[in-house]
Structure formats: C-alpha cells, structure tokens
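Engineer: Have a look at this prediction, sequence included:
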Amino acid sequence: MSDQYNTTPTSIPLKRRLHILLRASFGYTFWLFAGFAILMGMICYSVLGPEIFKEAVSNDIDNLLGILPRVVAALTLAGFIWILMPRDKCSKFIGRYKGLTGLILAEVAGIITPGGPSAAFPFLAIIGRAGADKGIMVTYITSWALLGIQRVLVWDLPFMGAEITATRFLVSLPLPIIAGLIAQQLPLKIKLGGDSEKQ
Amino acid sequence: MMSPVMIIIFLLPVILGAYAYSRGDESFKKGLIRGLEQLVIILPRMICALIGAEFLALLIPSEVISQYLGNDAGLVAILIGSLAGLMVPSGPVISFSIAATFANAGASMPAVIAFLTAWSIFSAHRILIYEIPLLGVSFLRVRALSVLILPVLSGLLAMLAINLIT
C-alpha cells in the first residue's frame, strides 16, 4: 500500500528511480482501484440513469480539484518534516523521560512523525531499545496511528472534510495517553529481542 | 473561501521549506523530492478510490446505512462502526473510501470516527508486516490490550462533544 514506500535512495540513477516510483504507483492495486471506479460508474449509469451519473461525475471533478492542492501541500510538508527531523536525537530524548511527561512527549512525537508505518515502526523499535517503557511505546505508536500529521492532512481532510477531521482529532487527543497508562498497569512483559525485558 | 485550517495547511510547508532552504544544505531539495515521490505513489490510487467511493455512495441504499450506523442507532452504531473498522485489513485508500461512503450515506459522525479509530490501531497489514517482525508478539499483546477500548471510547467522546455543541 502507498504508505509502505520509503524515499528511493539518491544513489540510484534518476531514470531507474522514476521506474521504481511508477511501478509503485501503477502496480496491480492501482488497476484494482481503477477497475472498481469504472465498474461503480457503469452500475451507476445503468441503475440510476445518465442524469444522476453526469451529476456524480461533475461532483467528482469538483471534489478532486478541491482536494489536489491540499494533498500536494500536505505531502510537501511531510517531505520537509521527514528530512528535517533529527530521529536519533528524538529517540534519545523520549527514552529519558518517565511518567506523564514521557507520555505527553511520546504523543507529540507520534503526531509529528511523518510517513507511513515504514517510518513509525522502526522509530518505535529504536525508542524501545533506547530505554522507553511500554507505556511510552504504546502511546507513541497509538498517537502516530490516530493523529499522525500525514494521516490527518493527506487522508482525513480530503476524504472526510474539515468537520469530521477536526472532531476526530480533538476527541482522539486523550486516547494515546489513556492507552499508555493502561499499558503501564498491565502485568505483562515485553521482550524486544537482544535486550532486557521491560516490566 | 479559505478556512483557517486551509491557511495553516498551505502556510506550514512554506515555513518549513523556508527553514530547510536557509540551512543551505540539501534539505530543501531532498524534502521536495520526498514530497513529490509520495505524491506520485499515492495520487493515482487516491483519484480512483475517490471516484469509485462517490459512485458507491449513490448506489448503497442510504436507509440501510442510516438504520445501522445513523444517529438514531446511537451506541449500536458506534459498536458496528468499531467492528467494521477491525475488519478492514488494508491501507488508507480503502478504509477512507469506506468511511467517506458511510458518511455520505447517512452514518453518524461518532460511528464514522469509531470506524476510523478501530482501523487506525488494528489494521492487520501493519501488524503483520511491521509490528510483529520489528517488535514481536509480546509487544503486540500489550498494545492490543491497551488500545482495545479506544474505538468505542472515541465514538462515545465524539457523541459527547456533538451533544455539548448542539
């Protein structure tokens, strides 16, 4: 899926990089989605008639034109955060704090972590090995999953609109910390491998 | 009309871009390239999904959605939304198309929010591809138990927030 791809390494020649990118964007899932859109359009046309079909198409075009600039802006922002964020320093910083301060920092870190799971999960593994407790780890990844800036700007806002997005964002703010507090109370240990057990 | 949210969305990349440029290293160029690459990867599927979802929303009888996921269904809608979110084992393109379809067909906002919360924290592809290989089953167990109540909780909080405002 789209959010599993990392930036292609700059060492690869431009032509080859373009090839990799286009393969990722027009892979078989693209054709599934294209097929889905065409099929739905055909059913719509035959069931609901040409009038409603035309209206839907013009709605689609309006929607896309409205969404496109926002997606471009959001991805540009995510691109800059991706490059500018000092990941090493952040992980050491978070690992140092305990208690509620640690949970709040973990939530903020989750919100500003750009990119998909290929960025967030390795970072989680790093803060875990840098000494963060299980509450901080759970808060971080829950915060990224629910409130991550790229998720909210690229997916929530274009698909769901401003009202649902804002409501979801606000009601979700306490949730990662609640999850972290529950994790700290659970009598279960985490084994990260090559590392001591966490209480 | 530019809403305040839109202004922030367009202003933030400009501010960060200016900062990246002022560093005088490759940051500005690398950031732009990263953004462009993600755009190329995401856009074709996103366009198809949005168009397909729009047609699908017209086709699904909205009585069905509003009966099970609508405002009148209350808590039941939140529970159904949460369960539906657990069952979408894929990336954001599909889950957000479904959520948008639900919303357009009359699902209540708390139900849609519970759906998105459940999918966000339990999507199976992420657990299988990233979480178990990188962090192991013991972490997954702790996390799953810790976040179990969040989908329903997010729906309830959304309901509360909407009731407070209206």
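Structural biologist: Right, received. Where do you want to start?
Engineer: right, is the helix or strand of chain A with the lowest mean pLDDT up against chain B?
Structural biologist: Lowest on mean pLDDT, DSSP states H and E among the helices and strands of chain A sits helix A:87-96, with a mean of 74. No. Helix A:87-96 is not in contact with chain B by C-beta under 8 Å from any C-beta of the partner chain; minimum separation 13.9 Å. Backbone N, C-alpha and C define where each C-beta goes, glycine included.
Engineer: so after that helix, what's the next helix or strand?
Structural biologist: Per DSSP states H and E, the first helix or strand lying C-terminal to helix A:87-96 is helix A:99-112.
Engineer: okay, the angle between that next one and helix A:87-96?
Structural biologist: Using axes from the mean of the first three to the mean of the last three C-alpha atoms, to 10 degrees, the direction of helix A:99-112 lies 150 degrees away from that of helix A:87-96.
Engineer: quick one: buried residues of helix A:99-112?
Structural biologist: A:102-111 (16 or more other C-beta atoms under 10 Å in any protein chain shown).
Engineer: and the nearest residue to B:Ala158 once chain neighbours are set aside, what does it touch?
Structural biologist: The shortest distance from B:Ala158 to any non-neighbouring residue, by C-beta to C-beta, 6 or more residues apart in numbering or on different chains, is to B:Pro110 (4.1 Å). Shown in contact with B:Pro110 (C-beta atoms under 8 Å, 6 or more residues apart in numbering or on different chains): B:77-78, B:81, B:155-156, B:158-159, B:162.
Engineer: low-confidence ranges in the chain?
Structural biologist: Answering for chain A, as no chain was given. Low-confidence segments of chain A (pLDDT under 70): A:1-11, A:193-199.
Engineer: not quite, I wanted chain B
Structural biologist: Residue ranges of chain B with pLDDT under 70: B:1-5.
Engineer: Return the distance of the least confident helix or strand of chain A from the chain's centre.
Structural biologist: 20 Å (C-alpha atoms, centre = their mean, to the nearest Å).
Engineer: Now do that helix: which elements does it pack against?
Structural biologist: helix A:99-112, helix A:117-129, helix A:134-147 (3 or more C-beta pairs under 8 Å, 6 or more residues apart in numbering or on different chains; DSSP states H and E).
Engineer: And the buried residues of helix A:99-112, which is closest to A:Asp156?
Structural biologist: Taking C-beta to C-beta as the measure, A:Asp156 lies nearest A:Ile111 of the buried residues of helix A:99-112, at 12.9 Å.
Engineer: Could you pull up the residues touching the closest one?
Structural biologist: A:Ile111 neighbours (C-beta under 8 Å, 6+ apart): A:143-144, A:147-149.
Engineer: Longest helix in chain A, please.
Structural biologist: Longest helix in chain A, counting residues (DSSP state H): helix A:50-84.
Engineer: Over to chain B?
Structural biologist: Chain B, longest helix under DSSP H: helix B:27-59.
Engineer: by contact count, what packs against it?
Structural biologist: Helix B:27-59 sits against helix A:14-25, helix A:28-48, helix A:50-84, helix A:157-172, helix B:4-22, helix B:92-104, with contacts defined as 3+ C-beta pairs under 8 Å, 6+ apart.
Engineer: buried ones in that helix?
Structural biologist: With burial defined by 16+ other C-beta under 10 Å, the residues of helix B:27-59 counted as buried are B:27-28, B:30-35, B:37-58.
Engineer: ditto for stretch B:89-103
Structural biologist: B:91-103.
Engineer: Now do whichever helix or strand comes after the longest helix of chain B: everything it contacts.
Structural biologist: Per DSSP H and E, helix B:27-59 leads on to helix B:62-69 as the next helix or strand towards the C-terminus. With C-beta under 8 Å, 6+ apart as the test, helix B:62-69 has contacts from B:72-73, B:76-77, B:80-81, B:102, B:105-108, B:111-112.
Engineer: now swap in stretch A:182-194 and tell me
Structural biologist: A:125, A:128-129, A:133-135, A:137-139, A:197-199, B:135-136, B:138-139, B:141-143, B:145-146.
Engineer: hmm, which of these are the buried ones?
Structural biologist: Burial by neighbour count, 16+ other C-beta under 10 Å: within these this picks out A:125, A:128, A:133-135, A:137-139, A:198, B:135-136, B:138-139, B:142-143, B:146.
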